[in-house]
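Visitor: Requesting a structural model of the entry that follows:
(one chain, ligands or ions: 1)
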Amino acid sequence: MRRIGILTSGGDAPGMNAAIRAAIRTALKNDLEIYGIEDGYLGLVQGKIFPLRYKDASEILTKGGTFLGSSRYPEFKEDAIQEKAVEQLRKRGIEGLVVIGGDGSYRGAQALMKKGVLCVGIPATIDNDVKGTDKTIGFSTALNTICESVNKLRDTSSSHHRCFIVEVMGNKCGKLALWSAITCGAEILINREIGFNEHQVMAELAVHDQFRKKRHALIIASEKLLDIEALAKKISLETSFSGRAISLGHIQRGGSPTPEDRLLGSMMGREAVEVLMKNENNKCICVKNDQILARDIDEALNEKDDSYAQMYALFRDMV
Ligand code: ADP
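Guide: Modelled structure (predicted):
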């Protein structure tokens with residue numbers, strides 16, 4: 001292997017730059033040429049591909065987002081479009097590809113692998129919903145941003161006997177909400193795994209209000225599940241709390257990555273290039289019990305995930 005490419009795809013996540021930096025540095029130290037591909041699979045098909053030099057990896061470690069750019073490009077599921085991508089790589093002599101993204105991006109990589117391009121996946125998404133790995137790049141930073149925001153809300157919340165409903169991201173996975181609920185000390189959690197039962201939420205809140213005499217209450221809710229404004233109004237009407245709703249939105253995607261995400265990105269970026277140097281195919285980089293591993297993608301994506309159940313039990317013991 002002489003020449004490899006790297007792209008970031010799907011939702012951006014803080015720490016992606018750390019992984020790109022590590023891949024550039026590892027490739028160049030091993031006399032591999034490395035090409036950056038702009039805007040994910042879209043840029044690959046359009047041929048937005050350029051050589052990366054040592055200095056391209058400078059001053060990106062501390063920045064959120066991805067300096068290569070990312071995109072959602074559903075057309076990449078089409079065989080003819082994938083063929084165009086393969087052609088763009090072949091004509092430049094790029095034999096291996098590092099794909100940084102979530103499980104959607106992994107599917108794109110799997111399609112390219114079937115067409116003979118050696119690919120390796122690096123899991124990066126604030127949702128931490130990629131199977132086979134304990135952690136994805138970006139989760140730690142997003143959790144940190146949520147904690148900092150909720151700390152501020154808590155100050156005003158206690159002063160005014162408020163109940164804040166804080167809506168967090170996570171897409172179809174309730175992990176970001178669950179981990180946030182534990183680390184922010186929420187009274188109530190609403191996510192896809194639990195579902196939203198308004199009657200039950202109001203009953204739980206009544207316990208905190210009437211029997212535990214709480215000065216404030218915090219509800220963490222996953223996005224796209226309920227109308228948080230409507231719930232806040234109901235809380236104001238039916239309890240002694242003043243209900244307030246806030247959606248943290250895209251601030252959860254941004255910001256300088258935490259040391260944990262920088263470390264994860266650095267370790268995974270280096271490992272991915274080492275996998276390609278060994279001409280190994282169909283791999284994704286995972287972290288298991290703090291060990292970085294290269295695993296078969298299909299095996300990783302089919303693995304059962306029991307971390308949610310363990311953390312949910314912890315949350316139940318904390319409320
Ligand atoms: P993530 O990688 O964060 O899960 P998406 O699910 O949006 O984000 O996927 C990112 C991109 O990966 C898509 O926009 C598309 O270009 C590509 N992709 C997703 N699913 C497939 C698939 N089944 N086949 C080929 N490419 C796919």
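Visitor: Next up, the contacts around the closest residue to Tyr73 other than its chain neighbours.
Guide: Setting aside the residues directly before and after it, Tyr73 is nearest to Leu42 in space (Cβ to Cβ, 6 or more residues apart in numbering), at 4.2 Å. Every C-beta, even on glycine, is put in place using the N, C-alpha and C of the backbone. Counting by Cβ atoms under 8 Å, 6 or more residues apart in numbering, Leu42 touches 71, 73, 76.
Visitor: quick one: which of those residues sit in helices?
Guide: Counting by DSSP state H, the contacts of Leu42 place none of their members in helices.
Visitor: of the residues you listed, list those near the ligand.
Guide: By Cβ under 6 Å from any ligand atom, the members of the contacts of Leu42 lying near the ligand are 73, 76.
Visitor: Return the closest of the contacts of Leu42 with respect to Thr239.
Guide: Taking Cβ to Cβ as the measure, Thr239 lies nearest Ser71 of the contacts of Leu42, at 44.5 Å.
Visitor: number of nearby residues for that closest one?
Guide: When neighbours are counted by other Cβ atoms under 10 Å, Ser71 registers 17.
Visitor: With Ala80 instead?
Guide: Neighbours of Ala80 under the rule other Cβ under 10 Å: 7.
Visitor: What of the one 3 residues further on?
Guide: A count of neighbours around Glu83, defined by other Cβ under 10 Å, yields 12.
Visitor: Let me know whether the helix or strand it falls within sits next to the ligand.
Guide: Assigned by DSSP states H and E, Glu83 belongs to helix 79-91. No - counting by Cβ under 6 Å from any ligand atom, the ligand is not contacted by helix 79-91; separation bottoms out at 7.0 Å.
Visitor: packing partners for that helix?
Guide: Helices and strands touching helix 79-91, as assessed by 3 or more Cβ pairs under 8 Å, 6 or more residues apart in numbering; DSSP states H and E, comprise helix 40-46, helix 103-114.
Visitor: Please identify the buried residues of the longest one?
Guide: By neighbour count with 16 or more other Cβ atoms under 10 Å, helix 103-114 contains the buried residues 103-106, 108-113.
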